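**Student:** Predicted model, plus sequence, below.
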Amino acid sequence: MQKALAGQIALVTGASSGIGAGVAKALAEAGAHVTINYHSHAEPAEKLADEIASLGGEALPVAADVSDEDDVDAMFKAVVDRFGTVDIVVANSGLQQDAAFADMTLADWRKVIDTNLTGQFLTAQRAVREFQRRGPRPVSKALGKIICMSSVHEVIPWAGHVNYAASKGGIQMLMKSLAQEVAPQRIRVNSIAPGAIRTPINQDAWASKEAMDRLLTLVPYGRIGEVDDIGRAAVWLASDESDYVVGTTLFVDGGMTLYPGFADNG
């Protein structure tokens, strides 16, 4: 049985750990050759590339700061030099720099917006240019696929995290506006909005029973999400199985956006 992404080339930004690593591995397991972007620490990306190779796949670690235009250009050049083109781009890089609003510095604001929002703009723009340059390929019905990694906080306000929430709200409209613009070219653009996912970056929210119990009051489905949940969603959005899905945010959140605080009528 042919794998869903056989013969396709994928790039995942921020892929050396957490959700990005889970997505990169899932795409590889579905048959794609994967470029693993990382910001500064090569070892986790190289380890993931070795793991993918041990499973019969092919992966290329590439360093780049997605908020830097020259770095993004160099990243895409590395992908094209190695694999010839790219079919699937997952704009996943993101970070938090939290502070109360009155205390948030302009540097805090800019760092998050530059990586989370401007980084997705640059990554998606270079993806579109590459899809247009090389034209259709028989491996996919679409000319190319872009998946923006958003968050439930594109719709749920988050006090104390205004820069992060603003960046994710921006991703929502970046994705939808871009999808509207390039859909006539058969380029599909969609987003995934994870809820509470078990990753090292949010370990404080799930490491103890007390923390987990508090977290699960926000999740009607009653469990924390795993990176595999996001990986499977990414594979589906990147495959021809979702060929008629355009400009949509897929919430993978166990029902967090159902506002469980109102389950008992508020």
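**Tutor:** That came through, no problem.

**Student:** quick one: the helices in this protein?
**Tutor:** Assigned helices in the chain, in chain order: 18-29, 42-54, 69-83, 106-113, 119-134, 162-182, 209-216, 227-238 (criterion: DSSP state H).

**Student:** Which strands and helices lie in contact with the last one?
**Tutor:** Just to be clear, that refers to helix 227-238. Helices and strands touching helix 227-238, as assessed by 3 or more Cβ pairs under 8 Å, 6 or more residues apart in numbering; DSSP states H and E, comprise helix 18-29, strand 88-91, strand 144-149, strand 187-194, strand 249-252. In this view, the C-beta of every residue, glycine as well, is placed from N, C-alpha and C.

**Student:** mean confidence for the second one?
**Tutor:** I take that to be strand 88-91. For strand 88-91, mean pLDDT is 98.

**Student:** helices or strands next to that strand in the packing?
**Tutor:** Under the contact criterion of 3+ Cβ pairs under 8 Å, 6+ apart, strand 88-91 touches strand 9-12, helix 18-29, helix 119-134, strand 144-149, helix 227-238.

**Student:** Out of the helices and strands packed on helix 227-238, which one sits most buried?
**Tutor:** strand 88-91 (a mean of 29; mean count of other Cβ atoms under 10 Å).

**Student:** partner strands of that strand, parallel or antiparallel?
**Tutor:** strand 9-12 (parallel), strand 144-149 (parallel) (DSSP bridges).

**Student:** sorry, back to before: nearest to Ile9, out of the helices and strands packed on helix 227-238?
**Tutor:** For Ile9, the closest of these is strand 88-91, at 7.1 Å, according to Cβ to Cβ.

**Student:** what does the closest one contact?
**Tutor:** By Cβ atoms under 8 Å, 6 or more residues apart in numbering, the residues outside strand 88-91 that reach it are 5, 8-13, 15, 20, 23, 27, 32, 66, 119-120, 123-124, 127, 144-149, 234, 238.
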